[in-house]
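Peer 1: Give me coordinates for this.
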Amino acid sequence: MKKIVLAGMIALASVSCKKEKITTQPQPPVTNPVMQYLDLGNRAIPFGQHSIVDVNQDGQDDLLFSSMLVGDPIHQLDRRMYFVSSSTQTKLLQNNDNQSPVLNKNDQVMLLHPGYQWLEVTSLLLAEKVVPVQGNSFWRGLWQEANHQYLPIQVHRTNQTFQGWVELSFDKTQERMILHKAALSTEPDKTVRAGI
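Peer 2: Purely as a prediction, here's the structure:
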């Protein structure tokens with residue numbers, strides 16, 4: 001009897017110690033839809049100038065890249081501010097702090113981004129140079145160090161929404177934005193990958 005109980009305990013222990021193989025199904029890679037590209041020719045936008053971009057080349061302005069000088073006498077400083085603004089039917093992705101995410105190559109531009117919302121007819125502060133009356137100037141803003149990074153955009157045409165991006169850099173030494181290229185999906189409601 002003791003042998004039967006002992007054999008049963010050994011069998012039970014050997015079964016409970018076996019490691020089960022866990023298999024996972026590989027996730028299919030996000031495939032980029034067919035994209036329409038626009039070469040912006042490394043367009044430099046120095047402080048005090050602006051540039052309009054028609055992303056889908058339909059004759060309607062989609063984005064305005066601009067700058068503005070704002071004096072702040074209370075804090076005794078000037079702010080050289082660099083913006084991107086969207087028109088009607090063009091949306092920028094922004095959070096409650098009026099900031100857009102700085103995307104890297106292969107990051108996804110989706111219909112829904114947690115913590116952000118798509119807004120049309122809006123302006124986003126990309127970066128600014130703060131020039132105090134006394135003391136040293138300094139830069140702030142999410143895009144101040146951008147080097148070939150991607151601004152997510154949406155264009156709404158013919159009751160459909162198309163995802164896309166604008167590749168841009170920031171040159172703090174020469175105080176200018178540089179627009180490299182833009183792209184927009186040719187298929188509505190599709191997730192796209194930045195820079196692809």
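Peer 1: need the contact list for Q89.
Peer 2: Neighbour list for Q89: 60, 120, 155-157 [criterion: C-beta atoms under 8 Å, 6 or more residues apart in numbering]. Yep, even glycine has a C-beta here, placed from its N, CA and C like the rest.
Peer 1: can you tell me how far it sits from V121?
Peer 2: 9 Å (C-beta to C-beta, to the nearest Å).
Peer 1: same question, F65
Peer 2: 16 Å.
Peer 1: Same drill for the two, tell me which one is more crowded.
Peer 2: Taking neighbours as other C-beta atoms under 10 Å, F65 and V121 compare with F65 leading, 23 against 12.
Peer 1: So which helix or strand of the chain has the lowest pLDDT on average?
Peer 2: Ranked by mean pLDDT, DSSP states H and E, the helix or strand of the chain with the weakest confidence is helix 2-16, at a mean of 46.
Peer 1: how about the following helix or strand past that helix: buried residues?
Peer 2: Downstream of helix 2-16, the next assigned helix or strand under DSSP states H and E is strand 35-46. The neighbour-count check on strand 35-46 (16 or more other C-beta atoms under 10 Å) flags 35, 38, 40, 43, 45 as buried.
Peer 1: Need the residues you listed in TSV (columns: pLDDT and distance to E128).
Peer 2: Output for the buried residues of strand 35-46, formatted as TSV (pLDDT from 0 to 100; distance: C-beta to C-beta, whole Å):
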residue	pLDDT	distance to E128
M35	97	31
L38	97	27
L40	98	22
R43	98	20
I45	98	14
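Peer 1: among those residues, which two are most distant?
Peer 2: M35 and I45 (23.7 Å; C-beta to C-beta).
Peer 1: Cross-reference the contacts of Q89 with the helices and report the matches.
Peer 2: Of the contacts of Q89, none are assigned to helices by DSSP state H.
Peer 1: could I get those residues as TSV with pLDDT and distance to A194?
Peer 2: Output for these, formatted as TSV (pLDDT from 0 to 100; distance: C-beta to C-beta, whole Å):
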residue	pLDDT	distance to A194
Q60	93	23
E120	95	20
V155	97	15
H156	94	19
R157	90	21
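Peer 1: hang on, H148 packs against E167?
Peer 2: Yes: taking contacts as C-beta atoms under 8 Å, H148 lies within contact range of E167: 6.0 Å.
Peer 1: Which one's more surrounded, these two?
Peer 2: Higher neighbour count among H148 and E167: E167, with 21 against 13, using other C-beta under 10 Å.
Peer 1: and the closest residue to the more buried one other than its chain neighbours, what is it in contact with?
Peer 2: Closest residue to E167 apart from its sequence neighbours, by C-beta to C-beta, 6 or more residues apart in numbering: H180 at 4.1 Å. If you count contacts by C-beta under 8 Å, 6+ apart, H180 has them with 40, 42, 148, 167-169.
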